[in-house]
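Chemist: Based on what follows, work out the 3D shape:
(chains A and B)
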Protein chains: 2
Amino acid sequence: MGVKGEGVVTAAVLVIGDEILSGRTQDTNLNAIARYLGAYGVDVAEARVVGDEEAEIIAALDALRTRYDYVLTTGGIGPTHDDITADCVAKAFGVALEEDAEIIAAMTARFGEPPNQARRRMARIPVGGSKVINPVNGPPGFQIGNVFVLAGVPSIMRGMLQDIGHRLKTGKVVLARTVRVEGFGEGVIAAPLEAVAKAHPTLSLGSYPFFSAEGYGANLVIRGRDLEELTLTVQEVMAALEAAGVTTARLVEE
Amino acid sequence: MGVKGEGVVTAAVLVIGDEILSGRTQDTNLNAIARYLGAYGVDVAEARVVGDEEAEIIAALDALRTRYDYVLTTGGIGPTHDDITADCVAKAFGVALEEDAEIIAAMTARFGEPPNQARRRMARIPVGGSKVINPVNGPPGFQIGNVFVLAGVPSIMRGMLQDIGHRLKTGKVVLARTVRVEGFGEGVIAAPLEAVAKAHPTLSLGSYPFFSAEGYGANLVIRGRDLEELTLTVQEVMAALEAAGVTTARLVEE
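Modeler: Numbering: from 1, shown residues only, chains lettered A, B, ... in the order given. So this is what the prediction gives:
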């Protein structure tokens, strides 16, 4: 039920790494990317997590890059044998990987000597690609076509994101409003919410229940690209809830 | 580079919900499921996140359930209009959804009156399916074929998981050991690690760098199903690191 409309720009996120699938590491990159792209009006429409396997990475990349405006990958760009993302992206695009002289020079300056063979792997960019600045630590990511290849370490990934927004075709930003209901379950909220949702098919109306020591209820999130329609819809939701006997609905900051 | 071997049992996780893709909500269910299944020797081989869209959910479900031994879905089983997971699963399997008398009876007991139309939606199970106990709050999830349909609220999802393990064909549990290296970058670790990894193709050797105020380094995670080979490989990793001048490697608990 994503937000619809003309000129929607879409992205997919491809998280690469055995450590996410094994449960060793909790991914936070999808969330950070979704929030970052949201500010540019770019909707994350799908995400996938695959392990450090060439065939899997290439298949997912090809499925996503042909379907969405952009793909952002995270992980697998370090110097170790399990870091195969750059190789996979080059293969998917049918181009070679070439050492970038600027990256080699930066590594040489950093270490006081030319980089060893493992580090040189991180200096490779697919032919036709461009670097994505890494303002945090270590070598850059890269862009080729509609694919952005970013680090897996969250702090580095978030740093690299800052060099992406200005490259994007941007959409109309999605605005969100949250109506909080306390002391009523979703079962009571569902009918009035559905009636309003059906009248506004281009908006997204979601209901997210909560249960805590203090009580229970739901946050109703109304999302849309047109402020006027959004404001009107929030009023309609509030009115529909009140008519259904749900007396605690209030607009909250989230 | 997942752990290989005979009789590997695989699963995929399908996270359903606009709130994950919009960045409103940080998913934690994939991680919880991966850890839970890991204890049964079941490997999560892929995960996908899709929005609350029928065609997307069905396509992802069909892709995953035909490829992996099991699929676990989270989200979209509440009473509101955007909760369409049960409908999608029934369509994917080509069966009808039927109200379950036990669930209706439990709802009636809970609310002191028969459930309204919205809540009745949560009492529907695909024909041929079986309930997955919800020990936390609200109606159950369900299993049909190799697909388990669980709640999106993390506390409820984790509760439902407890009724899944005993239904699974289990694999040999993957054991993990972590060698921590401080004060050396991955660029130095890569070559010795790769040499050991190549000698043990059925094991997974991953390198996860860290950068903190206290310093930098990497955690090397060696994973395998055979304790003897795992122990031997850890010793080989330690020896290879020492031979490469990496003097701080030590086995740690994680």
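
Chemist: mean confidence for the longest helix along chain A?
Modeler: Scanning chain A for the helix with the most residues, using DSSP state H, yields helix A:227-243. Rounded to a whole number, the mean pLDDT of helix A:227-243 is 96.

Chemist: Counting by contacts, list what that helix packs against.
Modeler: In terms of contacts (3 or more C-beta pairs under 8 Å, 6 or more residues apart in numbering or on different chains; DSSP states H and E), helix A:227-243 is packed against strand A:175-182, helix A:186-199, strand A:215-224. For every residue, glycine as well, the C-beta is placed using N, CA and C.

Chemist: Would you reformat these as TSV and include mean pLDDT?
Modeler: Supplementary listing: the helices and strands packed on helix A:227-243 in TSV, determined by pLDDT from 0 to 100:
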stretch	mean pLDDT
strand A:175-182	96
helix A:186-199	94
strand A:215-224	94
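
Chemist: JSON lines please, covering those and showing distance to chain B and mean neighbour count.
Modeler: Compiled in JSON lines, those are given as follows (distance: least, C-beta to the nearest C-beta, whole Å; neighbours: other C-beta atoms under 10 Å in any protein chain shown):
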{"stretch": "strand A:175-182", "distance to chain B": "7", "mean neighbour count": "19"}
{"stretch": "helix A:186-199", "distance to chain B": "3", "mean neighbour count": "20"}
{"stretch": "strand A:215-224", "distance to chain B": "6", "mean neighbour count": "21"}
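
Chemist: what does the longest helix of chain A contact?
Modeler: For helix A:227-243, the surrounding residues in contact (C-beta atoms under 8 Å, 6 or more residues apart in numbering or on different chains) are A:175, A:177, A:179, A:181, A:189, A:192-193, A:195-196, A:199-200, A:202-203, A:205, A:220, A:222-224, A:249, A:251.

Chemist: what do you get for stretch A:140-150?
Modeler: When contacts are taken as C-beta under 8 Å, 6+ apart, the neighbours of stretch A:140-150 outside the stretch itself are A:29, A:61, A:65, A:68-74, A:77, A:85-86, A:89-90, A:92-93, A:95, A:103, A:125-126, A:128-134, A:151, A:156-157, A:160-161, A:164, A:167.

Chemist: could you redo the last one with a cut-off of 7 Å?
Modeler: Applying C-beta atoms under 7 Å, 6 or more residues apart in numbering or on different chains, the set of residues contacting stretch A:140-150 from outside is A:61, A:65, A:69-74, A:77, A:85-86, A:89, A:93, A:103, A:125-126, A:128-134, A:151, A:157, A:160, A:164, A:167.

Chemist: Check stretch A:180-197 too.
Modeler: With contacts defined as C-beta under 7 Å, 6+ apart, stretch A:180-197 is touched by A:205, A:207, A:209, A:215-220, A:233, A:236-237, A:240-241, A:243-244, A:246, A:248-250, A:252, B:78-81, B:115-119.

Chemist: With just CA atoms, put that stretch into PDB.
Modeler: Taking Å, rounded to 0.1, in the frame of the first residue of the first chain, the C-alpha atoms of stretch A:180-197 are listed here in PDB:
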ATOM      1  CA  ARG A 180      -2.100   7.800  18.200                       C
ATOM      2  CA  VAL A 181      -4.900   5.800  19.800                       C
ATOM      3  CA  GLU A 182      -4.600   4.500  23.400                       C
ATOM      4  CA  GLY A 183      -6.800   2.000  25.100                       C
ATOM      5  CA  PHE A 184      -8.400   0.700  21.900                       C
ATOM      6  CA  GLY A 185      -7.300  -2.300  19.900                       C
ATOM      7  CA  GLU A 186      -6.800  -2.500  16.200                       C
ATOM      8  CA  GLY A 187     -10.000  -4.500  15.900                       C
ATOM      9  CA  VAL A 188     -12.000  -1.400  16.800                       C
ATOM     10  CA  ILE A 189      -9.900   0.900  14.600                       C
ATOM     11  CA  ALA A 190      -9.900  -1.200  11.500                       C
ATOM     12  CA  ALA A 191     -13.300  -0.400  10.100                       C
ATOM     13  CA  PRO A 192     -13.100   3.400  10.300                       C
ATOM     14  CA  LEU A 193      -9.500   3.400   9.100                       C
ATOM     15  CA  GLU A 194     -10.400   1.200   6.100                       C
ATOM     16  CA  ALA A 195     -13.200   3.500   5.100                       C
ATOM     17  CA  VAL A 196     -10.900   6.500   4.900                       C
ATOM     18  CA  ALA A 197      -8.100   4.400   3.200                       C
END
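
Chemist: distance between it and the chain's centre?
Modeler: 28 Å (C-alpha atoms, centre = their mean, to the nearest Å).

Chemist: Go through the contacts of stretch A:140-150 and flag which are in helices.
Modeler: Cross-referencing the contacts of stretch A:140-150 against helices under DSSP H gives A:61, A:65, A:85, A:86, A:89, A:93, A:103, A:157, A:160.

Chemist: ok, now which ones touch the third one?
Modeler: Meaning residue A:85. Residues A:16, A:57, A:73, A:75, A:76, A:77, A:149 are the ones in contact with residue A:85 under the rule C-beta under 7 Å, 6+ apart.

Chemist: Alright, I will stop here.
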